[in-house]
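Novice: kindly generate the corresponding structure for this input.
(one chain, ligands or ions: 1)
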Amino acid sequence: MNYRRLGSSGMKISEIGLGSWLTYGESVEDNNSIDIIHHAYNNGINFFDTANVYNRGEAEKVVGRALSDYARDSYVLATKVYFPMGEGPNDRGLSRKHIVEQCEASLQRLGVDYVDLYQCHRFDPETPVEETLMALDDLVKQGKILYYGVSEWSAAQIADAVHVAKERNLNPMVSNQPIYNMLVRYIEKDVMPVSEANGIGQVVFSPLAQGILTGKYRPGQEVPKDSRAANEDINRFMKQYLNDDVLQQVIRLEDLAQNELGIKLSQLALAWILRKPGVSSAIVGASRPSQLEENLKAAEVELTDDVSGEIDSILEELKHVKL
Ligand SMILES: NC(=O)c1ccc[n+]([C@@H]2O[C@H](COP(=O)([O-])OP(=O)(O)OC[C@H]3O[C@@H](n4cnc5c(N)ncnc54)[C@H](OP(=O)(O)O)[C@@H]3O)[C@@H](O)[C@H]2O)c1
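Specialist: Below you'll find the model as predicted:
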């Protein structure tokens with residue numbers, strides 16, 4: 001496993017991280033979840049991502065239980081705040097009140113004294129960014145969080161927050177967590193350049209487009225029974241990908257991976273991300289250890305400029321497909 005600096009911070013994270021959305025504390029049984037997290041740790045993953053809202057705290061509990069077997073300083077634990085955790089007017093967002101209360105609640109669910117990376121899960125237009133940044137800065141000073149970042153903020157929102165933090169001499173933002181994969185690339189235009197200029201690393205989510213970029217979904221065929229797409233409780237975010245135009249191009253990418261490089265499509269998809277400047281880690285999901293095993297091998301794959309060119313020309317044809 002290779003480790004990269006998280007943005008311009010000194011903290012190093014594995015270039016493949018493990019997330020827990022829709023899986024641990026939810027669709028994957030607890031014992032299996034713990035086995036997968038242990039498998040990840042034993043194979044060099046030190047970066048674990050979760051969020052307070054993932055099944056309303058249940059994912060944090062399982063992740064915390066699994067990691068309690070290891071020395072606290074041997075892994076980097078990231079969680080998030082923003083989405084509703086209750087029905088009350090203050091049970092959501094990025095106010096000082098909600099951030100401070102949810103940080104405390106996350107620490108309890110995770111069973112730790114601090115989280116390494118605390119992320120604002122979305123931008124909150126109803127809270128001044130100064131208030132949010134000052135609350136995060138206080139948590140850093142109290143030792144409850146070590147670093148902070150954002151998720152799915154626009155380039156302008158990131159730039160503004162960086163400016164405010166500098167002006168007020170607050171601890172800087174070190175990361176952004178956007179969706180990024182071969183099929184969804186909007187961050188390349190503005191978010192990546194602004195982040196890079198300000199020492200903010202990308203820890204990208206859904207790098208396999210929720211499993212589409214493993215090749216297991218085929219055009220014109222039923223989705224596999226044991227897949228995320230087949231699970232009606234959790235597949236609502238997948239519908240965008242499941243169209244035959246997309247799946248046809250995915251087959252072309254798979255042919256390139258298998259026939260020219262002798263690797264799996266999932267490995268090609270992750271290696272492609274890890275070549276992009278400014279990416280600190282690709283956060284994968286896994287519902288069983290064998291998936292993780294396959295995906296981890298991506299860290300060993302080196303793509304030549306020629307192969308990258310071929311990938312780009314296939315992806316070019318996907319630009320007309322609305323996702
Ligand atoms: N910040 C945000 O707003 C946000 C949003 C989404 C996700 N995230 C973070 O990013 C993490 C990863 O997101 P994601 O789960 O969408 O990532 P992903 O890696 O694109 O998809 C993971 C899913 O794909 C399937 N899969 C993975 N590897 C496979 C393989 N080798 N062969 C076959 N199937 C495979 C598995 O689902 P099945 O086996 O069930 O098919 C697995 O759960 C999340 O856990 C979360 O921590 C953050």
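
Novice: the residue lying closest to Leu18 once chain neighbours are set aside: what secondary structure?
Specialist: Setting aside the residues directly before and after it, Leu18 is nearest to Ala40 in space (C-beta to C-beta, 6 or more residues apart in numbering), at 4.5 Å. Using the backbone N, CA and C atoms, a C-beta is placed for each residue, glycine as well. Under the three-state scheme (DSSP: H, G, I helix; E, B strand; the rest coil), Ala40 adopts helix.

Novice: so what's Ala40 scoring on pLDDT?
Specialist: Ala40 is assigned a pLDDT of 98 by the prediction.

Novice: that one: what's it in contact with?
Specialist: By C-beta atoms under 8 Å, 6 or more residues apart in numbering, Ala40 lies in contact with Leu18, Phe48, Ala286, Leu292.

Novice: residue contacts, the closest residue to the ligand within the stretch 201-323 of the chain?
Specialist: Scanning the stretch 201-323 of the chain for the residue nearest the ligand gives Gly285, at 2.4 Å (criterion: C-beta to the nearest ligand atom). By C-beta under 8 Å, 6+ apart, the contact list for Gly285 reads Leu18, Gly19, Ser20, Trp21, Leu22, Thr23, Ser206, Leu208, Gln210.

Novice: rewinding a little: quick one: the contacts of Ala40 as a markdown table, columns for secondary structure, pLDDT and neighbour count too.
Specialist: Shown next, in a markdown table, are those (DSSP: H, G, I helix; E, B strand; the rest coil; pLDDT from 0 to 100; neighbours: other C-beta atoms under 10 Å):
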| residue | secondary structure | pLDDT | neighbour count |
| --- | --- | --- | --- |
| Leu18 | strand | 98 | 29 |
| Phe48 | strand | 98 | 28 |
| Ala286 | coil | 96 | 24 |
| Leu292 | helix | 96 | 20 |
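
Novice: ok, the residue in the stretch 1-150 of the chain that the ligand sits nearest to to Tyr75 distance?
Specialist: The stretch 1-150 of the chain approaches the ligand most closely through Gly19 (2.2 Å), counting by C-beta to the nearest ligand atom. Separation of Gly19 from Tyr75 (C-beta to C-beta, to the nearest Å): 14 Å.

Novice: mind listing the shared neighbours of those two?
Specialist: In the contact map built from C-beta under 8 Å, 6+ apart, the residues linked to both Gly19 and Tyr75 are Phe48.

Novice: which one of these two is surrounded by more residues?
Specialist: For Gly19 versus Tyr75, neighbours defined as other C-beta atoms under 10 Å are more numerous around Gly19 (26 against 19).

Novice: so the more buried one touches Asp49, yeah?
Specialist: Yes. Gly19 is in contact with Asp49 according to C-beta atoms under 8 Å; the separation is 4.4 Å.

Novice: residues in this protein within reach of the ligand, list them.
Specialist: By the rule C-beta under 6 Å from any ligand atom, the part of the chain lying against the ligand is 19-21, 23, 49, 121, 151-152, 177, 205-211, 214, 216, 227-228, 266, 283-287, 291, 294-295.

Novice: helices of the stretch 51-200 of the chain, start to end?
Specialist: Applying DSSP state H, counting those that start in this stretch to the stretch 51-200 of the chain gives helices spanning 58-67, 96-110, 129-141, 155-167, 191-197.

Novice: residues in contact with the longest one?
Specialist: Going back to what we said before, that points to helix 96-110. Contacts for helix 96-110 (C-beta under 8 Å, 6+ apart): 50, 52, 57, 60-61, 63-64, 67, 77, 79, 81, 85, 90-92, 113-115, 118, 131-132, 134-136, 138-139, 144-145.

Novice: for the stretch 51-200 of the chain, which residue gets nearest to the ligand?
Specialist: For the stretch 51-200 of the chain, C-beta to the nearest ligand atom, closest residue to the ligand: Ser151, 3.9 Å.

Novice: so what's the residue count around that residue?
Specialist: Neighbour count for Ser151, taken as other C-beta under 10 Å: 21.
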